[in-house]
Structures are given as structure tokens and as C-alpha cells.
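> Let me see the structure of the following:
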Amino acid sequence: MTNYNIKCVAVDVRTESGVCPGSAKCQKGETYMLTARTPEPAGICGRAFATMHPMAFAMRWAEEMS
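Numbers count the residues shown, from 1 in each chain. Below you'll find the model as predicted:
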């Protein structure tokens, strides 16, 4: 399986403060790179990872997505 670098950007954090209350403290606009060791460099919210993983997995196995 090819290890592509997949860039993910947090487009919305649905709290009044704009910061996720979880341990990752994700903020709107934060960028993550899904690489062979995910995520790089500083970690990611578990819910965000669970949401992105199916798409990232498919992108690694398919030459084209439509």
C-alpha cells in the first residue's frame, strides 16, 4: 500500500470558544498530515481521526476517487 501524505484541515469546531474541549484542544484552521505514522506532528482528536480514517484508507487503496 502506498503511503500518501494526506492534508486535513479542521474547518469547524462547534464550541463557543472555538477550541475542542478534548485533550487535543483542536482549533479551527488547524492542519494535520496523515502519513505512515498518523498524525504528524502533534497529534489529533480521536473523534476527528475516526471520521477521517475511512476516507484516508480509501485514498491509499484507490488510484482515483469520484
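> Can I get stretch 46-66 in CSV, CA atoms only?
This file holds the C-alpha atoms of stretch 46-66, laid out as CSV (Å, rounded to 0.1, in the frame of the first residue of the first chain):
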residue,chain,number,x,y,z
GLY,A,46,-9.7,10.8,18.5
ARG,A,47,-13.1,11.7,17.0
ALA,A,48,-11.6,13.6,14.2
PHE,A,49,-9.3,10.7,13.4
ALA,A,50,-12.2,8.2,13.4
THR,A,51,-14.0,10.5,11.0
MET,A,52,-11.1,10.9,8.6
HIS,A,53,-9.7,7.4,8.7
PRO,A,54,-12.2,5.7,6.2
MET,A,55,-11.6,8.3,3.6
ALA,A,56,-7.8,8.3,4.1
PHE,A,57,-7.8,4.5,3.9
ALA,A,58,-9.8,4.5,0.6
MET,A,59,-7.5,7.2,-0.8
ARG,A,60,-4.5,5.0,-0.2
TRP,A,61,-6.0,2.0,-2.0
ALA,A,62,-7.6,3.7,-5.0
GLU,A,63,-5.9,5.5,-7.8
GLU,A,64,-8.9,7.7,-8.3
MET,A,65,-11.9,8.8,-6.2
SER,A,66,-15.1,10.2,-7.7
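> Need phi/psi at the residue most central in space within the chain.
The chain has Cys8 as the residue nearest its centroid, 4.8 Å off, counting by Cα atoms, centre = their mean. Phi and psi for Cys8, reported as degrees, to the nearest 10, are phi -120, psi 140.
> what's the pLDDT at it?
We have a pLDDT of 79 for Cys8.
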